[in-house]
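[1] Structure of the sequence below:
(one chain, ligands or ions: 1)
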Amino acid sequence: MMVNLFTPIQLGPLFLPNRIVMAPMTRSRALNNVPNDLMAKYYSLRAEAGLIITEGTSPSPNGLGYARIPGLYSDQQVAGWRKVTDAVHGAGGRIFVQLMHTGRVAHPANLPPGARILAPSAIAAPGEMWTDTQGLQPHPVPVMMSEEDIRAAIAEYATACKRAIEAGFDGVELHGANGYLIDQFLNTAANRRTDRWGGSIENRIRFAVEVARVAAQAIGPERVGMRISPYHNFNGMQPDPDMDALYIRLVEALNDIGLVYLHVVDHRAMGATGPSDEYKARLRAAFKGRFILSGGYDAARANADLEAGKGDLVAFGRPFIANPDLVQKLKTGGEIRPADPATFYTPDAKGYTEL
Ligand SMILES: Cc1cc2nc3c(=O)[nH]c(=O)nc-3n(C[C@H](O)[C@H](O)[C@H](O)COP(=O)(O)O)c2cc1C
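    Numbers count the residues shown, from 1 in each chain. This next block holds a predicted model:
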């Protein structure tokens, strides 16, 4: 059978009318970290996607490292997200929330009072962080998490998963990619621990696996996916000699838990160091659930990769920004307008719902 972007597919309990995924994209419109009507409009305009994955959303006050990103731990945030999920479902769509705890990629000026910048080890991320009050600031040295901090962070993910269902989401994507907290545990550049949370492969994957386990216990594995970024060098992450084996071992552990999908970041088109096509094929072969490809796709390449069996679904990021009607354009070959990076993270409707 020929498979292309418009071949329907089942994702756990969800029927998806096409294989086009809207990739998670931070857009920084959540003033005071609460989702709002503007965001509901933005997402509902893109509801033709087989699946929308939201922007990175923090399960904890401690994970709100960037300015104006949303959370999913307070009643107000649940109510805000309910507007988004109602609007998307009303427009015929399906939506997962991406849970992103930023860990050391943060600045105190972006965090609510009392929040702490936590990471596996007390090693600052390279580079700078935007703050609305002080402009660009260097990343501070994070606090090395205690055993109790780690337990609390895992519990926050479980609670956020329950709150996601309360807010009307169809499921949750755990952000294990791009140098945020889960990835900080996976990667030796940020994790120099010598206890059971660092060192060996088994120890470094433990946080990711524990988060996946409690998420699956909270809402069912058929509603939980994970995004990973092997060989990615964003936010100070670095490849190490164990990396091949580490991600294969992680994927096997996720199989045991029964996660519904694995979503692999490939930012080579944006200058990242990997993953290679060969390694992605190994991950694909190792994982038992659905496999989502991403990074630099157009319709022709997406259809070719689906037909070749390289993945089950394809995520599009930047093309969705200036083309709310991207699904139609992918079908008809309509011209895809380029996104304007100047409005990626600005606070208002310009470049967001007003294009
Ligand atoms: C403005 C912007 C924000 C992004 N925010 C996130 C995010 O919150 N979580 C995430 O996993 N990836 C994020 N990404 C990465 C995208 O999901 C995607 O992997 C990347 O844009 C490559 O796909 P593309 O070539 O189709 O744009 C972001 C990308 C962009 C352009």
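[2] What lies in contact with the helix or strand harbouring residue 291?
    Taking DSSP states H and E as the criterion, residue 291 maps to strand 290-294. With Cβ atoms under 8 Å, 6 or more residues apart in numbering as the test, strand 290-294 has contacts from 9, 11, 21, 23, 225, 260-266, 280, 283-284, 302, 305, 310-317. Placement of C-beta: from N, CA and C, glycine included.
[3] Relative to that strand, what are the paired strands and their orientations?
    strand 261-264 (parallel), strand 313-316 (parallel) (DSSP bridges).
[4] helices or strands next to whichever helix or strand comes after the first one in the packing?
    Using DSSP H and E, the helix or strand that follows strand 261-264 towards the C-terminus is helix 277-286. For helix 277-286, the contact count by 3 or more Cβ pairs under 8 Å, 6 or more residues apart in numbering; DSSP states H and E identifies helix 243-257, strand 261-264, strand 290-294 as packing neighbours.
[5] related to what we said a few turns ago, kindly identify which of the contacts of strand 290-294 also come near the ligand.
    Counting by Cβ under 6 Å from any ligand atom, the subset of the contacts of strand 290-294 that neighbours the ligand consists of 23, 265, 316, 317.
[6] Now rank those residues by neighbours and give me the top one.
    Highest neighbour count within those, by other Cβ atoms under 10 Å: residue 265, with 29 neighbours.
[7] which ones are touching the closest residue to the ligand within the chain?
    As assessed by Cβ to the nearest ligand atom, the ligand sits closest to residue 317 within the chain, at 2.9 Å. By Cβ under 8 Å, 6+ apart, the contact list for residue 317 reads 22, 23, 24, 25, 294, 295.
[8] any idea how far it lies from residue 192?
    For residue 317, the distance to residue 192 equals 32 Å [Cβ to Cβ, to the nearest Å].
[9] is the strand holding residue 291 up against the ligand anywhere?
    Yes. Against the ligand, strand 290-294 shows contacts by Cβ under 6 Å from any ligand atom at residue 294.
[10] buried ones in that strand?
    Across strand 290-294, burial judged by 16 or more other Cβ atoms under 10 Å covers 290, 291, 292, 293, 294.
[11] burial measure for residue 162, as a count.
    By other Cβ under 10 Å, the burial measure for residue 162, its neighbour count, is 15.
[12] The one 5 residues further on too?
    A count of neighbours around residue 167, defined by other Cβ under 10 Å, yields 23.
[13] who's in contact with it?
    Contacts of residue 167 by Cβ under 8 Å, 6+ apart are 72, 77, 78, 79, 81, 82, 84, 85, 97.
[14] try residue 231
    239, 243, 272, 273, 274, 275, 276, 279.
[15] rerun at 7 Å
    When contacts are counted by Cβ atoms under 7 Å, 6 or more residues apart in numbering, residue 231 is found next to 239, 243, 273, 274, 275.
[16] Distance-wise, check the nearest residue to residue 30 once chain neighbours are set aside relative to residue 33.
    Excluding its sequence neighbours, the residue lying closest to residue 30 (Cβ to Cβ, 6 or more residues apart in numbering) is residue 70, at 3.8 Å. Between residue 70 and residue 33 the distance is 6 Å, computed by Cβ to Cβ.
[17] How about residue 145?
    Counting by Cβ to Cβ, the gap from residue 145 to residue 33 is 22 Å.
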